[in-house]
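A.B. asks: Coordinates only, no sequence provided:
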């Protein structure tokens, strides 16, 4: 049953948790343990968790001595191949404390546009959860192209939540809640609750690209939340440091209430970039 508010997340049957690159790479790599501990507690309560984790390219940077996120596609692909291996090792090492096994699921936009690939992805994740294995999902950056990709993993997380029929989606950020404008600006006010269908056009959610390692930001989270809630999936946006509070139903972050009368929403058709999705949201599409 879909979570209708934050308090119902601990009793949800199935929850997708998404974490971005800047929250788990570089000096923030220690936060993997925090996220794993929260997931392990939810896992012990019987909740089925799917983790959507960015960070492959960012994780590789110190090993490749690149100095920053590469701009050319070939180097991005190479970095993703190296970083995904290290990232999964870090997750599994942390999960070992709780005797939880991770299963890697790498997807491209084409996988969710193709009915056969989509069905295979769903079946694989269903089986992993049935075996009490934690699916860890990321975009397959090693084979993805600039032209056909999700645009950001917030959108990927929303599509995965749709794919597996999740009851809630938790988008972890660098800030504890969304604001009416960038929180560094005077007059910024926290947004605690967004009812389904609320007009967010008056708010300023900032640039899509927010740092040198990540491609997300507040705007992409709003876009992903709108996508998920349209399918009847409640969405919580909060800080990665508050992941345990999020999964135990505390009154934190920004809650996007789900559509009370969702229609079946196929995850097929062209996958828009994050910027296109945000623009469509502002136009009411």
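C.D. replies: Sure thing, it's come through. In this text the structure is predicted, and so the values were computed from the model without any measurement. Numbering: from 1, shown residues only.

A.B. asks: List the buried residues for the strand or helix carrying residue 86?
C.D. replies: When elements are assigned from DSSP states H and E, residue 86 belongs to helix 73-95. The neighbour-count check on helix 73-95 (16 or more other C-beta atoms under 10 Å) flags 76-80, 82-84, 86-88, 90-92, 94-95 as buried. Placement of C-beta: from N, CA and C, glycine included.

A.B. asks: wait, which of the residues you listed is closest to residue 131?
C.D. replies: residue 95 (14.1 Å; C-beta to C-beta).

A.B. asks: Next up, the contacts around that closest one.
C.D. replies: Shown in contact with residue 95 (C-beta atoms under 8 Å, 6 or more residues apart in numbering): 36, 40, 101-102, 134.

A.B. asks: one step back: the helix holding residue 86: how far from the chain's middle?
C.D. replies: Taking C-alpha atoms, centre = their mean, to the nearest Å, one finds the center of helix 73-95 at 17 Å from the center of the full chain.

A.B. asks: continuing past that helix, what's the next helix or strand?
C.D. replies: Following helix 73-95 in sequence, per DSSP H and E, is strand 102-107.

A.B. asks: That following strand: how far from the chain's middle?
C.D. replies: Put simply, strand 102-107 sits 14 Å off its chain's centre (C-alpha atoms, centre = their mean).

A.B. asks: the strands in the protein, which residues?
C.D. replies: Remark: strands assigned in the chain by DSSP state E are 14-19, 48-53, 102-107, 134-139, 168-173, 178-179, 190-191, 193-194, 234-239, 254-256.

A.B. asks: Pipe these into TSV and attach distance to residue 2 per row.
C.D. replies: TSV is the format used below for these (distance: least, C-beta to C-beta, whole Å):
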stretch	distance to residue 2
strand 14-19	10
strand 48-53	14
strand 102-107	23
strand 134-139	20
strand 168-173	7
strand 178-179	21
strand 190-191	21
strand 193-194	16
strand 234-239	6
strand 254-256	12
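
A.B. asks: between the ones you listed, which one is nearest to residue 224?
C.D. replies: strand 168-173 (6.4 Å).

A.B. asks: tell me what that closest one is packed against?
C.D. replies: Secondary-structure packing of strand 168-173 (3 or more C-beta pairs under 8 Å, 6 or more residues apart in numbering; DSSP states H and E): strand 14-19, helix 153-164, helix 218-230, strand 234-239, helix 243-247.

A.B. asks: pLDDT (mean, whole number) over the third one?
C.D. replies: For helix 218-230, mean pLDDT is 92.
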